[in-house]
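Participant: any chance you can model this:
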Amino acid sequence: MPLKRRSIRDRPIGMLSSLKAELSVLIVIATAIAFVLAWQFLKWGWSGWLAMPLTLAVALGITYFFAHGLTSPLRQMRDAAEAMAEGDYTVRVEEAADSRDEVGQLARSFNEMAGELQHADQMRRDMVANVSHELRTPVSALQALVENMADGVVDPTPANLEGILNQTHKLSDLIAFLLDMSRVEAGAASLEVEKFDFGDFLDETIKPLEIADGGHNHDIHLVVPDHVMMEGDPDRLSQLFTNIIANALKHSPDGTAVLVEVHEDPDLGTIVTNVINYGSQIPKEARNDIFRRYVKGVGRTGTGSGGTGLGLSIARWAAGLHGGTVKVVPDDRGANFEISLPKYHIMDD
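Facilitator: Numbers count the residues shown, from 1 in each chain. Next up is the predicted model:
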């Protein structure tokens, strides 16, 4: 909801690119007019006791008129901030948004912040609805299976028990996801650093993804030098690579390949991993947005991916905990996610 808009013509303040310059001009104008009026009043033979109050009143009126253009958008921002504090993220400050001074810059920054908060709030609502639905499904299935066994309708056969186990695994995965989300919101987490073989680690990370891929017939090619050792938290790094590789599988057409290629950069002391899904491309303007929280991509079928929109955000967070980076790099072969991690972990002071 945009607040009342006034053009720059209605705001004498705002035409210059510097607030200091505008205030200086205001002082010069008010002083010059006051001087001219005082001189004119004295020339007419008015008493100084009468000319001085009138001159001051005119100078104050001019100052108030000009200063109103400065304080009005600030009051508007105050009202908008109060509305946002009550949960209304649709408010925008349009007054002064087209001016070139610092107040205009502040108004534009405020509107950008409001837009980000509105987007995050909407995505959070969608995510809560999705998670609630996903939690309800395994809980309902578990309840039905257990009630049927308790009533003697079905027997506790290995198949039925396996069904219960599968539903509990789904619940466990959802709980783990919620914990990851809370850690991301907190912005930090502790690391259990150990030294391990990076190739073996990636191999163990990829195997369950290949199984979960089901009948989509994706081939995951792992290319990694022998005996690449690194220091880090295997659990956090597993989140990183699982989310990146799973994202590549999700956005790849059936029957295509995903390449996981590793090389060392001895000059920087880093291990660089490229995850490439052939044939799929990410527009240049979207390469940073996809790492924002709650932003969902397009799945292999061309529709929404159906995820929570937190996978890539969690991946970047996990990389950042290790002092590393995740980014999309140009590649004619397809979408190329480049993960750069320091080979040796540096403990914080």
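Participant: C-alpha from now on. contacts and neighbour counts both.
Facilitator: Will do.
Participant: model confidence over the helix or strand where E204 lies, on average?
Facilitator: Using DSSP states H and E, E204 falls within helix 198-212. With pLDDT averaged residue by residue, helix 198-212 scores 90.
Participant: and for stretch 254-269?
Facilitator: 91.
Participant: mind listing what's buried in that stretch?
Facilitator: Within stretch 254-269, the residues that count as buried by 16 or more other C-alpha atoms under 10 Å are 254, 257-262, 264.
Participant: those residues in strands, which ones?
Facilitator: Among these, DSSP state E puts 257-262, 264 in strands.
Participant: still on that earlier bit, just checking, next helix/strand downstream of the helix holding E204?
Facilitator: Next along the chain after helix 198-212, with elements defined by DSSP H and E, is strand 219-223.
Participant: could you list the paired strands of that next one along with their orientation?
Facilitator: Paired neighbours of strand 219-223 in the sheet (DSSP bridges): strand 257-265 (parallel).
Participant: what mean pLDDT does the helix or strand encompassing F66 have?
Facilitator: Assessed by DSSP H and E, F66 sits inside helix 48-85. Average pLDDT, helix 48-85: 78.
Participant: then stretch 168-183?
Facilitator: The average pLDDT within stretch 168-183 is 73.
Participant: mind checking pLDDT for the residue located most distally from the centre of the chain?
Facilitator: The outermost residue of the chain relative to its centre, with distances by C-alpha atoms, centre = their mean, is G45 at 69.3 Å. On the pLDDT scale, G45 is placed at 75.
Participant: any buried residues in the helix holding E204, and which?
Facilitator: Here helix 198-212 shows 198-199, 202, 205-206, 209-210 as buried, counting by 16+ other C-alpha under 10 Å.
Participant: just the element for the nearest residue to N160 once chain neighbours are set aside, please.
Facilitator: Once flanking residues are discounted, N160 sits nearest to L145: 7.5 Å by C-alpha to C-alpha, 6 or more residues apart in numbering. L145 is part of helix 102-150 when elements are defined by DSSP H and E.
Participant: which helices and strands sit right next to that helix?
Facilitator: helix 48-85, helix 158-186 (3 or more C-alpha pairs under 8 Å, 6 or more residues apart in numbering; DSSP states H and E).
Participant: and the pLDDT at V275?
Facilitator: The per-residue pLDDT reported for V275 equals 95.
Participant: same thing with the one 10 residues further on?
Facilitator: According to the model's per-residue confidence, E285 sits at a pLDDT of 73.
Participant: around it, count how many other residues there are.
Facilitator: By other C-alpha atoms under 10 Å, 8 other residues sit near E285.
Participant: who are the contact partners of it?
Facilitator: Residues counted as contacts of E285 (C-alpha atoms under 8 Å, 6 or more residues apart in numbering): none.
Participant: what about it, which SS state?
Facilitator: Here E285 is recorded as helix under DSSP: H, G, I helix; E, B strand; the rest coil.
Participant: from A114, how far off is it?
Facilitator: With distances taken as C-alpha to C-alpha, to the nearest Å, E285 is found 21 Å from A114.
Participant: one more: A315?
Facilitator: 26 Å.
Participant: what do you get for G87?
Facilitator: G87 sits 11 Å away from A114 when distances are taken as C-alpha to C-alpha.
Participant: more crowded one of those two?
Facilitator: Neighbour totals were compared for G87 and A114, and A114 leads with 21 against 12 (other C-alpha under 10 Å).
Participant: so the more buried one sits against Y89, correct?
Facilitator: Yes: using C-alpha atoms under 8 Å, A114 makes contact with Y89 at a distance of 6.0 Å.
Participant: highest mean neighbour count out of the helices and strands packed on helix 102-150?
Facilitator: Among these, ranked by average contacts under mean count of other C-alpha atoms under 10 Å, first place goes to helix 48-85 (a mean of 16).
Participant: elements contacting that one?
Facilitator: Using 3+ C-alpha pairs under 8 Å, 6+ apart, helix 48-85 sits against helix 19-43, helix 102-150.
Participant: now with 6 Å?
Facilitator: On a contact count with 3 or more C-alpha pairs under 6 Å, 6 or more residues apart in numbering; DSSP states H and E, helix 48-85 meets helix 19-43.
Participant: for the stretch 201-349 of the chain, which segments count as helices?
Facilitator: Using DSSP state H, counting those that start in this stretch, the helices of the stretch 201-349 of the chain run over 234-250, 311-321.
Participant: what residues of the first one count as buried?
Facilitator: By 16+ other C-alpha under 10 Å, the buried positions in helix 234-250 come out as 234, 236-250.
Participant: also the shortest one?
Facilitator: Residues of helix 311-321 classed as buried by neighbour count (16+ other C-alpha under 10 Å): 311-319, 321.
Participant: ok, A51 - contacts?
Facilitator: Residues near A51 by C-alpha atoms under 6 Å, 6 or more residues apart in numbering: F41.
Participant: that older thread, now render the helices of the stretch 201-349 of the chain as a markdown table, adding distance to Y344.
Facilitator: Formatted as a markdown table, the helices of the stretch 201-349 of the chain follow (distance: least, C-alpha to C-alpha, whole Å):
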| stretch | distance to Y344 |
| --- | --- |
| helix 234-250 | 13 |
| helix 311-321 | 13 |
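Participant: figure out which of those helices is closest to P156.
Facilitator: Proximity to P156 (C-alpha to C-alpha) singles out helix 234-250 among the helices of the stretch 201-349 of the chain, at 34.0 Å.
Participant: give me the angle between the closest one and strand 257-265.
Facilitator: 140 degrees (axes from the mean of the first three to the mean of the last three C-alpha atoms, to 10 degrees).
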